[in-house]
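Trainee: Below are the sequence and a predicted model for it; my questions follow.
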2 protein chains.
Amino acid sequence: MRNNNKYIDLSHGSGGRATHQLIETIFKKHFNNSFLKQNNDNACLTFSSERLVISTDSHVVSPLFFPGGDIGSLAVNGTVNDVAMSGAKPLYLSAAFILEEGFPLADLERIVISMARSAEIAGVDIVCGDTKVVERGNADGVYINTTGVGSVENHINISGDCAQPGDTILINGSLGDHGIAVMAHRENLSFTTSIQSDCAALNDLVSHMVSAVPDIHCLRDPTRGGLATTLNELAQQSQVGMRISESQFIIKPQVSAACELLGLDPLYVANEGKLLCICPPHRATELLKVMRDHPLGKESSIIGEVTDDPHHIVEMKTKFGGARVVDWL
Amino acid sequence: MRNNNKYIDLSHGSGGRATHQLIETIFKKHFNNSFLKQNNDNACLTFSSERLVISTDSHVVSPLFFPGGDIGSLAVNGTVNDVAMSGAKPLYLSAAFILEEGFPLADLERIVISMARSAEIAGVDIVCGDTKVVERGNADGVYINTTGVGSVENHINISGDCAQPGDTILINGSLGDHGIAVMAHRENLSFTTSIQSDCAALNDLVSHMVSAVPDIHCLRDPTRGGLATTLNELAQQSQVGMRISESQFIIKPQVSAACELLGLDPLYVANEGKLLCICPPHRATELLKVMRDHPLGKESSIIGEVTDDPHHIVEMKTKFGGARVVDWL
């Protein structure tokens, strides 16, 4: 990259020399692995399982950088987590960038470094990629798609349709941190908070959980739409109801305060380092111990149970002893 | 989807009920397969090979619909082809949509139907997806990322760094059709042409080629940047030179005429249904026959040979008997 080229221009998306320079000086420099060095439009990988798990996510967050993370860490951890929620071990990621003309190369490199670091922590390789440049005004800086593949053992069967009445519902910590951290950092919002995004790769936590309790029924990360939406999705998929208890949630005081200010319910605010787990009731104590023993699960708790409800309603016992329906967003 | 909702709005990206309705009424309706019906954030697939090939591509074409294809067929065929260029059999695709607020649902459905049809023709399943909605002005209608995985047999070793001096270079037909079809259809261009995009899935052609000649050295589809850029990439990767012969290319008269009008060299114009193949010279005749016997290779020809050149130059013998360097874009 010549030093006077400090911004993305359309030539970076041409497929010609400028694209190759961008790939060499930013992407390959930081996503350093033998697969990328193949220099093909595809990566040929070893794979030793009969069951392949795949998941995809495009990331369009604004602002791109926020306390506790950025679009890069989000893009890696989000897809690692979606793969891990099947009980799989995430192995490889693709990374595809849509860049807006005029985007600062320094910001791109900062994002790429963050992705490389997140991938290293999660133990996955970023093995292939794509770069497109769109004209100024046709994107919001940068959009990143990551698609992840992993392998899952034959005896594991974790899926959103496996919850059964009587099952126990657990979560690995506090709610709403990510969404509030991002919203608070938007320029046009007039409050500040010390809240950081909980953005983290959950695959190591999942690996410990699945080793201890292979018969976990469901795992899902309550991201967009928050806990409430995820519980409703699972209730619908498994054709069951849920009963949760408000007193069991951890919501940090700053998150509560921000939610009040913004008129939001923390149950609907996005998380990026949390997982919901549904397991047979007799496995819950053991699972809770395993979760609390992990750095990303120290504040884990049992938040409710699965019910036999033909209407698939998620009901919450409030702190004041009442009950209310927790609906979809 | 309610009938009065004819356009994408931000609620379609919320992760809540509107997102689910969009998934049910458009994506799952047309991408109809058992994997999507799992309704998880990931898909769990069977896989029976020790070697996995993965490739990703984000598609940002304008206009979205053009003679011979649309962003949907392009998104499916482009990734199917990138996987196939390793000699692999493409199996599964992910599909992630970034939608601009205000995008017509009818256009989205038309694109999704086109993707479903292209996937069916290519023999792949679209097994997982993602939907994001960005505010009006932050995208150009719709961007689609597809990531593909496939399996490749252990004895196949096709890669851009395998070309050897003396090897033969083949292509399966005419140059520049896709790029000219798209450019001619842009509203602000003042010419019309009957040229259609060559957009097609090449995996079946590749499968026939690899069965007949398992020791093919390189395969690559000359998309963005055209034939010239792809040849230079391969020369660089394999540390060789190339000598091609202009008289062996097929360039349709309408493509030639459009290129002259637009001041373009057809060697740099994108193709979406073409592949370059490099093979040992004693295999070329057999391979050419296999290619010509396939519907997507009827106009295949030998266009040149790999040379021993420390400068990795691509040289072209012109129709008038001269020689010129074919440089990167």
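Mentor: It's in.
Trainee: Can you tell me the SS state at A:G129?
Mentor: In the three-state summary, A:G129 is assigned as strand, counting by DSSP: H, G, I helix; E, B strand; the rest coil.
Trainee: and what of the one 4 residues further on?
Mentor: Following three-state DSSP, we place A:V133 in the strand state.
Trainee: Tell me the pLDDT of it.
Mentor: According to the per-residue confidence, A:V133 scores 97 in pLDDT.
Trainee: I figured it hits A:L10, correct?
Mentor: Yes - if you go by Cβ atoms under 8 Å, A:V133 and A:L10 touch, sitting 5.5 Å apart. For every residue, glycine as well, the C-beta is placed using N, CA and C.
Trainee: Quick check: neighbours shared by those two?
Mentor: Contact criterion Cβ atoms under 8 Å, 6 or more residues apart in numbering or on different chains; residues shared by A:V133 and A:L10: A:E101.
Trainee: So in chain A, which strand runs the longest?
Mentor: For chain A, the longest strand by residue count, based on DSSP state E, is strand A:89-100.
Trainee: got the CA coordinates for it in PDB?
Mentor: Output in PDB follows, covering the C-alpha atoms of strand A:89-100 (Å, rounded to 0.1, in the frame of the first residue of the first chain):
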ATOM      1  CA  LYS A  89     -16.400 -27.200  17.700                       C
ATOM      2  CA  PRO A  90     -16.000 -24.200  15.400                       C
ATOM      3  CA  LEU A  91     -12.900 -24.700  13.100                       C
ATOM      4  CA  TYR A  92     -12.900 -22.300  10.200                       C
ATOM      5  CA  LEU A  93     -14.300 -18.900   9.200                       C
ATOM      6  CA  SER A  94     -14.700 -17.100   6.000                       C
ATOM      7  CA  ALA A  95     -14.700 -13.300   6.000                       C
ATOM      8  CA  ALA A  96     -16.200 -11.100   3.300                       C
ATOM      9  CA  PHE A  97     -15.900  -7.300   3.500                       C
ATOM     10  CA  ILE A  98     -18.200  -4.700   1.800                       C
ATOM     11  CA  LEU A  99     -16.200  -1.500   2.000                       C
ATOM     12  CA  GLU A 100     -17.500   2.000   1.300                       C
END
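Trainee: Could you tell me which residues within stretch A:243-255 count as buried?
Mentor: Within stretch A:243-255, the residues that qualify as buried by neighbour count (16 or more other Cβ atoms under 10 Å in any protein chain shown) are A:R243, A:I244, A:S245, A:E246, A:F249, A:I251, A:K252, A:Q254, A:V255.
Trainee: So for A:V133 and A:L10, which sits in the more crowded spot?
Mentor: Between A:V133 and A:L10, counted using other Cβ atoms under 10 Å in any protein chain shown, A:V133 has the larger neighbour count: 25 against 13.
Trainee: Tell me who's in contact with whatever residue of the stretch 201-329 of chain A ends up closest to chain B.
Mentor: Closest approach of the stretch 201-329 of chain A to chain B (Cβ to the nearest Cβ) occurs at A:L329, with a separation of 3.0 Å. Contacts of A:L329 were listed using Cβ under 8 Å, 6+ apart, and they are A:G225, A:G226, A:A228, A:T229, A:Y268, B:S14, B:G15, B:G16, B:R17.
Trainee: tally of neighbours for the fifth one?
Mentor: A:Y268 sits with 24 neighbouring residues when counted by other Cβ under 10 Å.
Trainee: So what does A:I169 have for phi and psi?
Mentor: When quoted as degrees, to the nearest 10, the phi and psi of A:I169 stand at phi -110, psi 130.
Trainee: bridging residues for the nearest residue to it once chain neighbours are set aside?
Mentor: Spatial nearest neighbour of A:I169, excluding adjacent residues (Cβ to Cβ, 6 or more residues apart in numbering or on different chains): A:G304 at 4.5 Å. Per DSSP bridges, residues listed as beta-bridge partners of A:G304: A:I169, A:I244.
Trainee: from what I can see A:G304 touches A:S247, true?
Mentor: No - at 10.7 Å, A:G304 does not count as touching A:S247 under the criterion of Cβ under 8 Å.
Trainee: Alpha carbons of stretch A:48-61, as CSV, please.
Mentor: The C-alpha atoms that make up stretch A:48-61 are tabulated as CSV, following Å, rounded to 0.1, in the frame of the first residue of the first chain:
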residue,chain,number,x,y,z
SER,A,48,-12.5,-35.3,10.2
SER,A,49,-16.1,-35.6,11.2
GLU,A,50,-19.2,-37.0,9.6
ARG,A,51,-21.3,-34.0,10.8
LEU,A,52,-20.6,-30.5,9.6
VAL,A,53,-22.2,-27.4,11.2
ILE,A,54,-22.4,-24.2,9.3
SER,A,55,-23.7,-20.7,10.2
THR,A,56,-23.6,-17.3,8.6
ASP,A,57,-24.0,-13.7,9.8
SER,A,58,-23.6,-10.3,8.2
HIS,A,59,-22.5,-7.5,10.6
VAL,A,60,-23.8,-4.0,10.1
VAL,A,61,-23.2,-2.4,13.5
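Trainee: got any ranges where the stretch 151-300 of chain A has weak pLDDT?
Mentor: Counting by pLDDT under 70, the stretch 151-300 of chain A contains low-confidence ranges at A:187-191.
Trainee: If you could redo that for the stretch 1-150 of chain A, that was the one I meant.
Mentor: Low-confidence regions of the stretch 1-150 of chain A, defined by pLDDT under 70, span residues A:1-4.
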